[in-house]
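Asks: Prediction below, plus the sequence it came from.
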Amino acid sequence: MGESHRPEGFERLRKLPLVGKAADWGMGPHSASKTTKKAGARIAGLKATESICPYCAVGCGQVVYTRDGELIDIEGNPRSPINQGTLCPKGSASRQLVQQPGRLTKVKYRRPGGTEWEELDLEMAMDMIAERVIRAREDHWQVRNEHGWRVDRTLGFAHLGGATLDNEENYLIKKFFSAMGAVQIENQARI
């Protein structure tokens with residue numbers, strides 16, 4: 001134990017549980033109960049991975065805790081210079097993006113001219129979207145504009161990104177839509 005400038009009698013008093021709590025302002029060796037000391041850390045044995053919050057594009061740091069590939073908890077990263085361990089309500093609840101029991105696994109679709117919604121499997125809906133994007137690109141491809149300048153683009157579709165995407169996903173989406181010839185690419189976090 002380090003050198004103390006306090007009288008020896010005071011140090012003996014601090015060793016008493018009740019007095020020790022008061023003397024250390026609730027932060028000394030007597031501040032935790034025996035039950036708390038036995039409980040151990042909530043995150044003991046979990047794999048910690050640093051990540052970025054998927055919401056608003058501020059870039060708040062998160063620590064994602066997993067056990068055998070299963071998500072256990074997400075909390076703010078105290079090492080992040082942006083949020084210093086704090087998270088907004090949406091960032092604090094981002095675990096629900098993966099583990100929400102009410103998460104939709106089917107797509108609601110209303111056919112052109114239809115009056116009723118029908119449920120489609122996600123895979124079938126994704127195939128339909130891909131076919132429509134390819135068709136829109138082919139049907140509306142422009143090699144030259146009205147001035148005769150070479151543009152190699154399509155105005156047949158646009159992309160509006162969402163704030164639940166992280167920076168890496170937004171970067172890839174921007175590259176993907178630009179490579180397909182789209183020029184109308186925006187993100188709702190910027191609007």
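Replies: Structure received. Residues are numbered from 1 along each chain as shown.
Asks: Show me the longest helix that occurs in the chain.
Replies: Longest helix in the chain by number of residues, with DSSP state H as the criterion: helix 122-139.
Asks: for that helix, packing partners?
Replies: For helix 122-139, the packing partners by 3 or more Cβ pairs under 8 Å, 6 or more residues apart in numbering; DSSP states H and E come out as strand 106-109. Where you see a C-beta, it was placed from the backbone N, CA and C, and this is true even at glycine.
Asks: Partner strands of the strand it packs on and their direction?
Replies: Sheet partners assigned to strand 106-109 using DSSP bridges are listed as strand 118-121 (antiparallel).
Asks: Tell me who's in contact with residue 190.
Replies: The contact partners of residue 190, by Cβ atoms under 8 Å, 6 or more residues apart in numbering, come to residue 57.
Asks: Just after the longest helix of the chain, pick out the following helix or strand.
Replies: Later in the chain than helix 122-139, the nearest helix or strand by DSSP states H and E is strand 141-144.
Asks: helices and strands around that following strand, which ones?
Replies: Helices and strands touching strand 141-144, by 3+ Cβ pairs under 8 Å, 6+ apart, are strand 150-154.
Asks: which residue ranges form the helices in the protein?
Replies: Secondary structure of the chain by DSSP H: the helices cover 8-14, 17-23, 34-39, 89-92, 96-99, 122-139, 167-179.
Asks: returning to that earlier point: got the angle for the longest helix of the chain vs helix 167-179?
Replies: Angle between the axes of helix 122-139 and helix 167-179 is 40 degrees (criterion: axes from the mean of the first three to the mean of the last three Cα atoms, to 10 degrees).
Asks: Tell me the buried residues in helix 122-139?
Replies: The neighbour-count check on helix 122-139 (16 or more other Cβ atoms under 10 Å) flags 133, 136, 137 as buried.
Asks: roughly how far is it from the heart of the chain?
Replies: Put simply, helix 122-139 sits 27 Å off its chain's centre (Cα atoms, centre = their mean, to the nearest Å).
Asks: how many degrees apart are it and strand 150-154 in direction?
Replies: Taking the same axes, to 10 degrees, one finds helix 122-139 and strand 150-154 inclined to each other by 150 degrees.
Asks: quick revisit: which among the helices of the chain is found nearest to residue 69?
Replies: helix 96-99 (11.7 Å; Cβ to Cβ).
Asks: What is the closest one packed up against?
Replies: Short answer (3+ Cβ pairs under 8 Å, 6+ apart): helix 96-99 packs on no helix or strand.
Asks: tell me the mean pLDDT for stretch 54-65?
Replies: Average pLDDT, stretch 54-65: 88.
Asks: which stretches of the chain have low pLDDT?
Replies: 1-7, 9-31, 166, 191 (pLDDT under 70).
Asks: quick one on the thing from earlier: CSV please, covering the helices of the chain and showing distance to residue 77.
Replies: Putting the helices of the chain into CSV (distance: least, Cβ to Cβ, whole Å) gives the following:
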stretch, distance to residue 77
helix 8-14, 35
helix 17-23, 31
helix 34-39, 24
helix 89-92, 11
helix 96-99, 17
helix 122-139, 31
helix 167-179, 15
